[in-house]
Structures are given as structure tokens and as C-alpha cells.
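J.: sharing a model that was predicted from the sequence below.
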Amino acid sequence: QVQLVESGGGLVQAGGSLRLSCAASGRTFTAVMGWFRQAPGKAREFVAAMNRNGGSTNYADSVKGRFTISRDNAKNTVYLQMNSLKPEDTAVYYCAAGYGSIFKLEESSYDYWGQGTQVTVSS
């Protein structure tokens, strides 16, 4: 089993930064770790993913150059550094763990999910 708990969300002005954390327990650190988000009235969408050893990453086009995923295996934690935030980044952000490929963007590629943390970007 894998348990995931996100933190670090909040309210920030456009152009600002936030860092989300995902604390993991269980068999997580053999897993591909990803971040997804869901805006009001929209489907959940892929944001970023990192492979088991942290050597490979994948990002949605909408966040490339602004967001960075990283992981600290010693702390069992995955991070999402979000810079140059825009109002359209407003969403609930979810951490996920899976055993597939970082290039599979579907929710179904991930087996475990956190409860989500709200990020609100004001204009």
C-alpha cells in the first residue's frame, strides 16, 4: 500500500510562487510519482511526473518552464515547485504514485492518490 499526503497549497498573486509537497509512505519509492490538477468544472489533468530514480521528468506543455518536479527519496517526499503562477493554474493539485511510465498521462496509469491541496492564484 502507498499513502500520499499533499501540503503547501494556498492563495498567491499572479506571478508568485508556491511549493507543494507530497509525503509518502509504503512502497512509494519504487514508484513513478506524478502531479495532477483539477480546476472547477474541468477534468483532472496531468501536470508533471518523475521516474523512480529522479533522472527523467515529463511536464504538461502548459507548465513547462514554470513548474519543477523533484523528489527526495531519503525523506519520502515529492515536490512541485511552481513559479510564475497564473490565474489559470488555480486548481486542486493531487499527488499520485504509479508503476508505469512518466509519459503515460492518463489518471488510470496511477494507482494511488493523495487527497489534494487547493492552489488559488489571484489576478
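T.: Arrived safely, thanks for sending.
J.: next, Thr63: phi, psi?
T.: I think there's a mix-up here, since residue 63 is Val and not Thr. Main-chain dihedrals, Val63, degrees, to the nearest 10: phi -120, psi 0.
J.: looks like it contacts Val47 (just checking).
T.: Yes - using CB atoms under 8 Å, Val63 makes contact with Val47 at a distance of 5.8 Å. All C-beta atoms are positioned from the backbone trio N, CA, C, and that covers glycine.
J.: neighbour count for these two, which is higher?
T.: Legend: neighbour count by other CB atoms under 10 Å for Val63 and Val47, higher for Val47 (25 against 22).
J.: residue boundaries of the strands in the protein?
T.: Assignment of strands within the chain using DSSP state E yields the ranges 2-7, 10-13, 18-26, 32-38, 45-50, 57-59, 67-72, 77-82, 91-98, 110-113, 117-122.
J.: CSV for these, including distance to Lys104?
T.: Putting the strands of the chain into CSV (distance: least, CB to CB, whole Å) gives the following:
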stretch, distance to Lys104
strand 2-7, 17
strand 10-13, 30
strand 18-26, 19
strand 32-38, 9
strand 45-50, 8
strand 57-59, 9
strand 67-72, 15
strand 77-82, 17
strand 91-98, 8
strand 110-113, 9
strand 117-122, 23
